[in-house]
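Enquirer: Return atomic coordinates for the entry below.
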Amino acid sequence: MDRSPPPFFKQGPSANVRLAFFSLLAIALLIVDARFETMSKLRQGIATVLYPVQRTLLVPRELAGTAGGYFVEIDRLRAENAEMRRIEATNARTLLQAEQLASENAQLRQLLGMRERTPVRTTVAEVLYDARDAFSRTLVVDRGQQHGVQAGQPVIDAHGVIGQVTRAHPLSSEVTLVTDRNSTVPVEVRRTGARTLAWGGSLPGTIELRFLPVVTDIREGDELVTSGLDGLFPPGLPVGRVSSVAPGSTSAFLSVRATPAARVERTKLLLILLAEPPAQAPPAPEPKDSSARRARRG
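Expert: Now for the predicted structure:
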């Protein structure tokens with residue numbers, strides 16, 4: 001059966017002939033161009049015409065790459081910023097710790113110097129916390145009965161008298177400061193030798209000298225030291241310095257205020273003097289004749 005198209009649809013050579021023709025033509029053009037470079041100008045012209053089209057088609061890709069690089073750079077900068085903040089915080093913490101250690105080291109050296117100058121056996125204590133309230137000035141330290149601490153023992157720092165142990169527990173103790181209103185320390189004026197008692201002041205952070213006659217030779221700047229008359233505080237320990245002298249509420253006495261020599265409100269390390277508190281004297285025996293008289297009366 002003849003399957004060729006009707007003569008009406010036959011137009012030009014067949015497909016195979018056209019394929020062979022164009023293949024030979026392409027090969028011929030390749031050979032001619034390779035030998036004589038006749039197509040270079042045509043290629044340059046076509047490339048020049050197509051260059052804006054190529055650049056236009058590359059714009060979305062470049063924009064996508066730029067946007068991706070921007071966000072990657074933002075993430076990198078954020079990570080570097082967070083790392084820098086972490087390093088800064090670490091360095092600041094390390095610096096603060098170094099400064100604190102240097103301060104404690106200086107205080108400890110000063111305490112050791114005071115310890116060598118004190119003839120009484122001592123122990124170094126660290127302040128755990130401040131137990132002050134509206135009516136008292138008290139510190140809690142990390143030394144107690146297990147370390148030989150007893151109620152009544154004096155407490156000093158590198159600059160002077162801090163206070164006195166008022167309550168001793170097995171592993172900690174309470175220290176009442178010299179600025180507490182119920183605290184008393186026997187003192188003397190170093191310049192004149194006048195003896196009196198130093199009380200905790202009515203103003204925070206001060207001490208007072210009460211019941212001093214108006215004829216007492218005392219002036220601003222006089223240094224107050226322990227007199228040692230109580231048998232507890234060694235004599236000569238700095239207690240404070242007179243800050244003001246004024247007439248009292250009555251004409252017979254002076255109103256004298258002093259600033260503590262010790263760093264009462266800012267100290268971290270203390271020195272407890274492990275002295276034996278003076279024993280209470282036993283009551284005197286009653287005379288026999290008086291007991292006999294009471295017996296007769298009975």
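Enquirer: Please make it C-alpha for all contacts and neighbour counts, starting now.
Expert: Will do.
Enquirer: quick one: the strands in the stretch 1-150 of the chain?
Expert: With DSSP state E, counting those that start in this stretch applied, the stretch 1-150 of the chain shows strands at 122-130, 138-141, listed in chain order.
Enquirer: pLDDT averaged over the longest one - what is it?
Expert: Mean per-residue pLDDT for strand 122-130: 87.
Enquirer: swap in stretch 84-98?
Expert: Averaged across stretch 84-98, the pLDDT comes to 71.
Enquirer: can you check stretch 143-160 too?
Expert: The model assigns stretch 143-160 a mean pLDDT of 89.
Enquirer: Quick check: buried residues in it?
Expert: For stretch 143-160, the neighbour count (16 or more other C-alpha atoms under 10 Å) marks 143-144, 148-160 as buried.
Enquirer: likewise stretch 233-250?
Expert: 233-235, 237-245, 248.
Enquirer: can you redo these as CSV with pLDDT, secondary structure and distance to G221?
Expert: Output for the buried residues of stretch 233-250, formatted as CSV (pLDDT from 0 to 100; DSSP: H, G, I helix; E, B strand; the rest coil; distance: C-alpha to C-alpha, whole Å):
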residue, pLDDT, secondary structure, distance to G221
F233, 86, coil, 22
P234, 85, coil, 22
P235, 87, coil, 20
L237, 88, coil, 16
P238, 90, strand, 13
V239, 93, strand, 13
G240, 93, strand, 9
R241, 94, strand, 6
V242, 94, strand, 5
S243, 93, strand, 6
S244, 92, strand, 8
V245, 91, strand, 10
G248, 73, coil, 19
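Enquirer: Out of those residues, the closest to V165 would be?
Expert: Ranked by distance to V165 (C-alpha to C-alpha), those are led by F233 at 11.9 Å.
Enquirer: which residues does T196 contact?
Expert: Taking C-alpha atoms under 8 Å, 6 or more residues apart in numbering, we find T196 in contact with 186-188, 209, 212.
Enquirer: meant to ask about A131
Expert: 137-140.
Enquirer: Recalculate using a threshold of 10 Å.
Expert: Contact analysis of A131 by C-alpha atoms under 10 Å, 6 or more residues apart in numbering lists 137-140, 174-176.
Enquirer: Next: A20.
Expert: A26.
Enquirer: try F71
Expert: Contacts of F71 (C-alpha under 10 Å, 6+ apart): L77.
Enquirer: picking up where we left off before, out of the buried residues of stretch 233-250, what pair is the most spread apart?
Expert: Counting by C-alpha to C-alpha, the most remote pair of the buried residues of stretch 233-250 is P234 and G248, 30.4 Å apart.
Enquirer: what's the weakest-modelled helix or strand in this structure?
Expert: helix 288-297 (a mean of 47; mean pLDDT, DSSP states H and E).
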